[in-house]
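compute the structure for the input listed below.
(chains A, B, C and D)
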There are 4 protein chains.
Amino acid sequence: MSSSEFALTVTCPDQKGLLAAVTGCIAHSGGNILSLSQKTAVDVSLFMLKAVFMAEPEFTTARFRQEFMPIAERHKMEWELHDRAQRLRVAILVSKTSHCLYELLLKHQDAQLRCDFPVIISNHNDLASVAEQFSINFEKIDPQKGRLACEADLQALLEAYKIDVVVLARYMQILSPDFTKRWAFKVINIHHGFLPAFMGAKPYHQAWHKGVKMIGATAHFANEDLDQGPIISQDVVRVDDSLSIAQFTQLGQDVERRVLFEALRLFLEKSVFIYGGRTFIIG
Amino acid sequence: MSSSEFALTVTCPDQKGLLAAVTGCIAHSGGNILSLSQKTAVDVSLFMLKAVFMAEPEFTTARFRQEFMPIAERHKMEWELHDRAQRLRVAILVSKTSHCLYELLLKHQDAQLRCDFPVIISNHNDLASVAEQFSINFEKIDPQKGRLACEADLQALLEAYKIDVVVLARYMQILSPDFTKRWAFKVINIHHGFLPAFMGAKPYHQAWHKGVKMIGATAHFANEDLDQGPIISQDVVRVDDSLSIAQFTQLGQDVERRVLFEALRLFLEKSVFIYGGRTFIIG
Amino acid sequence: MSSSEFALTVTCPDQKGLLAAVTGCIAHSGGNILSLSQKTAVDVSLFMLKAVFMAEPEFTTARFRQEFMPIAERHKMEWELHDRAQRLRVAILVSKTSHCLYELLLKHQDAQLRCDFPVIISNHNDLASVAEQFSINFEKIDPQKGRLACEADLQALLEAYKIDVVVLARYMQILSPDFTKRWAFKVINIHHGFLPAFMGAKPYHQAWHKGVKMIGATAHFANEDLDQGPIISQDVVRVDDSLSIAQFTQLGQDVERRVLFEALRLFLEKSVFIYGGRTFIIG
Amino acid sequence: MSSSEFALTVTCPDQKGLLAAVTGCIAHSGGNILSLSQKTAVDVSLFMLKAVFMAEPEFTTARFRQEFMPIAERHKMEWELHDRAQRLRVAILVSKTSHCLYELLLKHQDAQLRCDFPVIISNHNDLASVAEQFSINFEKIDPQKGRLACEADLQALLEAYKIDVVVLARYMQILSPDFTKRWAFKVINIHHGFLPAFMGAKPYHQAWHKGVKMIGATAHFANEDLDQGPIISQDVVRVDDSLSIAQFTQLGQDVERRVLFEALRLFLEKSVFIYGGRTFIIG
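This next block holds a predicted model:
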């Protein structure tokens, strides 16, 4: 089988000669670099690199691993090699509001998200018709069962659908620490506030009462601390002081949907690096 | 002599007929409205109005007050009438960094700030030369005296220079609750973070370690709660994750200076309304 | 029949006493002003006002017209009174790309557009399924007939559906001067360039070859001069110089859809004033 | 003499193995890469690279050139090696408005511009005092002499001060094609419009009459076509339709100054690549 695309991501302490070593190894293994992004976080002496390359006929992942392993060990690298032809399976979790769900489905339909959406899961029936519009399976979790039983059902569904990544597209249910630990760095949530400001419930109400002049949204990895996981993407919109809380909510929805889409896109493109409790977006 | 400009600001519970009553009274008193901004904060049923009008020869403030008083009482209005020819006397307090100070001086030189700057006060000598460049008095407060003695000196200077408003243009000294109470809603501070996130010391360090994707600055009234007074203006700038804390600081300075200028401009234009612990910018 | 909401829009040469006259007349006729926006374009001495008011039981449009007519004549006003309960009938014209169409349909579904969408008209079949998703009639115009015959069919459809306003949501067909004159200020087009730069075909290609650092989109009234009608709304997005024309196109689509939605929203809210060949957005 | 920093810039047709070849040669010559930015403009198959590296004791530019030459020839590279310790000598040309001049001087004072400003040249005396504030030589060109004589004087001054780069910081005089050809890609101009819209005189007037919703500024290389040289940086600000042309001018000044500063900064950092009549900003 012929050539295809791979992405190599590398993180390690900053040292001399890293770029030459990595690019030399890719070239030597039969990889032709299409794009390379490299950043050094000088405050923590961290080297990060993402290289996308085309595999020549002689390239094999086995051979690459063999050649790259000694380099990685010498430089204490954490690294991953991703075959860009493999598409992650992403479950979208929703409750009642549709704007984030539609955004993901429309961008996917427009080939801007390199993944599959095998299922939409919800604790309400409201958005079943949207799933139907796009011919995607819709699964209902019964919120009356209590949180633990719900999460057991959720876990079973994620396994049944062979899900790799979970996107909380305005899913209004708090996940347990057990769940977020099991799915560490694999659950992306959209919060309708400019974190770390306005964590928790009703962020637009909080923002209005504080009198901020811009409101925002934040996509982040969910972890055991509510709304405190590493931030992937953020954006804001300027608000006029004559706007009501209801108008904040409407304006904010446009920010939420673009921030969540961007976060998932960056994640799928292997551009999200994690170090020291925060992310670095590379490439 | 003859006619000149006035600004009328009104705040009251929302009711019927407010606009007709106010504009009718202005017209009847000999005022010719140049611009009017009116907003209703529906979440708290608050009516806010700012009208700028030209006084015809027959207009006198005494007569206007007499005509407006019954209207104001009937509608439980808080109101103020400002003669736009009277310029507030503003003291600028600084420490060592010059970007906010230069911004205010340059905008003032360019006639974009309707006030006088009789004095620059600092706890350091570093910016004395800037004061000299612009021929403004420079007064040094000796930080070795201790905070209370410093504030007494500061208060004495503000009185000696007949100061109306104080602008903290990166003044790195915390003011006492006694001082901020005495000068309530008359001290404007610039904080180099997007409040209410990143209050307190080293906000750019905080922001970097949190991994936010935009950094900001906030101008607010100083009160007894550090960095928690009502917000007047805010702005942000997108940051790339390869930037260092030092680069955050440089980029942030441009945001700080424009936010502080804007806050002072809005204040001087009587556009800052305060209600329920927050501001509303009108007009 | 009880009270309801009206919007009054007024344009006239700037003069003394306009605000008092208008607000007095509204109050006197039984209107209770909910919001008022007033701007004066000083460069052309133009007064513009938009007032939204609640009609008390005694209010009738006939009575209002009778009371307002002499004021309007005295001040040379152009004015309109709109019953906010009456919803305009808007036809959406599309070709093959769906992003603008979806945006309008989703915002409408979310009650953010005060109008009805009785029909989607296209010169291609590609988006028939979208119309079906949202249960809206879809009408095909056959482009093989030639432009004149097509426009005759289009005109017939607009009449059959009793259309008030036409939105060109990436309709890739140039309308004749006859048509745009007949529908003057009733056809809103989205152009995928930051007008007046990059008029005409392939604006993203033009922008890329020029090397601009931001790309934009512009919603404007269509008139007989291609892409030169009065601008209603615009926005831009910063572009990285490593982006391809194809990526410009993807990024630009998000700008196009929000600019077109905003233009239609402003139009429906009676916020678009036209004077001297340009628009003024008021309120 | 110890190690120091160099920047290598490379442009060539896109081919296999470029990154490995370049980074390998730097490493082999005794360079330790600090940062590398690489972009490929796929629409024109253009590879662009900027690498900043620290020179180890064994590094010499002579040796590097010897090693790099065959690589450059094989791949048809245009390339330059810059010693970052060498500071360009920049002349600032001004007329009467000070905002751009102050911006450059203040950023320079704050060590954000890697260059020297040996002289400010003007066709008016208005800004002599600013030059004095910052202790920089001020040279007056007499506009009454006529354009050719003025340019001869200008050229003589640039030579006398050994100038490398000219910045037109709101210099309101059109330069002759002879001059711009002689100084090709070495004259940076700030235009107060969002090019390619609003070329020529009075761009804020043009923008106001067109009714655009955002105004902007553009820094570009001056060439023989007025306001049409390659764009280096741009930005915009949203404008309210109640603003006057005079207010456009004030708001626009903030955009102008930050765009011009950014353009000069990018130029000095060797981040401005030119190809096909446009720029690409790399790194």
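
who's in contact with the residue of the stretch 101-250 of chain A found nearest chain D?
Using Cβ to the nearest Cβ, the closest approach of the stretch 101-250 of chain A to chain D is made by A:Arg238 at 8.4 Å. Heads up, the C-betas are built off the backbone N, CA and C, glycines and all. A:Arg238 makes contact with A:Lys213, A:Met214, according to Cβ atoms under 8 Å, 6 or more residues apart in numbering or on different chains.

what stretches of the stretch 151-283 of chain A score poorly on pLDDT?
For the stretch 151-283 of chain A, no stretch is flagged by pLDDT under 70.

show me where it has its helices.
A:177-182, A:203-210, A:245-268 (DSSP state H, counting those that start in this stretch).

quick one: the second one to helix A:245-268, angle?
Our comparison of helix A:203-210 with helix A:245-268, counting by axes from the mean of the first three to the mean of the last three Cα atoms, to 10 degrees, yields an angle of 130 degrees.

for the stretch 151-283 of chain A, which residues are neighbours of chain C?
Within the stretch 151-283 of chain A, the positions near chain C by Cβ under 8 Å from any Cβ of the partner chain are A:Gln250, A:Gln253, A:Asp254, A:Arg258.

now the strands: where do they sit in the stretch 151-283 of chain A?
Per DSSP state E, counting those that start in this stretch, the stretch 151-283 of chain A carries strands over the ranges A:165-168, A:187-191, A:214-221, A:231-238, A:272-275, A:278-281.

near chain D, which residues of chain A?
So chain A meets chain D at A:16-20, A:23-24, A:26-28, A:32-40 (Cβ under 8 Å from any Cβ).

OK, contacts around the residue of the stretch 151-283 of chain A found nearest chain C?
As assessed by Cβ to the nearest Cβ, chain C sits closest to A:Gln250 within the stretch 151-283 of chain A, at 6.2 Å. Applying Cβ under 8 Å, 6+ apart to A:Gln250 gives the contacts C:Asp110, C:Gln112.

before we move on, back to that, do you know which of the strands of the stretch 151-283 of chain A lies nearest D:Asp83?
Comparison of the strands of the stretch 151-283 of chain A against D:Asp83 by Cβ to Cβ identifies strand A:278-281 as nearest, at 30.4 Å.

elements contacting that closest one?
Under the contact definition 3 or more Cβ pairs under 8 Å, 6 or more residues apart in numbering or on different chains; DSSP states H and E, strand A:278-281 sits against strand A:231-238, strand A:272-275.

what's the most buried one of those?
Among the helices and strands packed on strand A:278-281, the stretch with the highest mean neighbour count (mean count of other Cβ atoms under 10 Å in any protein chain shown) is strand A:231-238, at a mean of 21.

CA atoms only for that strand, dumped as PDB, please.
Taking C-alpha atoms only, strand A:231-238 is exported to PDB below (Å, rounded to 0.1, in the frame of the first residue of the first chain):
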ATOM      1  CA  ILE A 231      -8.100  25.300  28.500                       C
ATOM      2  CA  ILE A 232      -8.000  24.400  24.800                       C
ATOM      3  CA  SER A 233      -9.600  27.400  23.200                       C
ATOM      4  CA  GLN A 234     -11.300  30.700  24.200                       C
ATOM      5  CA  ASP A 235     -12.900  33.600  22.600                       C
ATOM      6  CA  VAL A 236     -14.900  36.700  23.700                       C
ATOM      7  CA  VAL A 237     -17.400  39.200  22.300                       C
ATOM      8  CA  ARG A 238     -17.800  42.800  23.400                       C
END
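
just the element for A:Glu80, please.
Element membership for A:Glu80, per DSSP states H and E: strand A:78-83.

run the chain-centre distance for that strand.
16 Å (Cα atoms, centre = their mean, to the nearest Å).

roughly how far apart are the residue of the stretch 51-200 of chain A found nearest chain C and C:Val42?
Nearest residue of the stretch 51-200 of chain A to chain C, counting by Cβ to the nearest Cβ: A:Gln133, 4.8 Å away. Separation of A:Gln133 from C:Val42 (Cβ to Cβ, to the nearest Å) stands at 50 Å.
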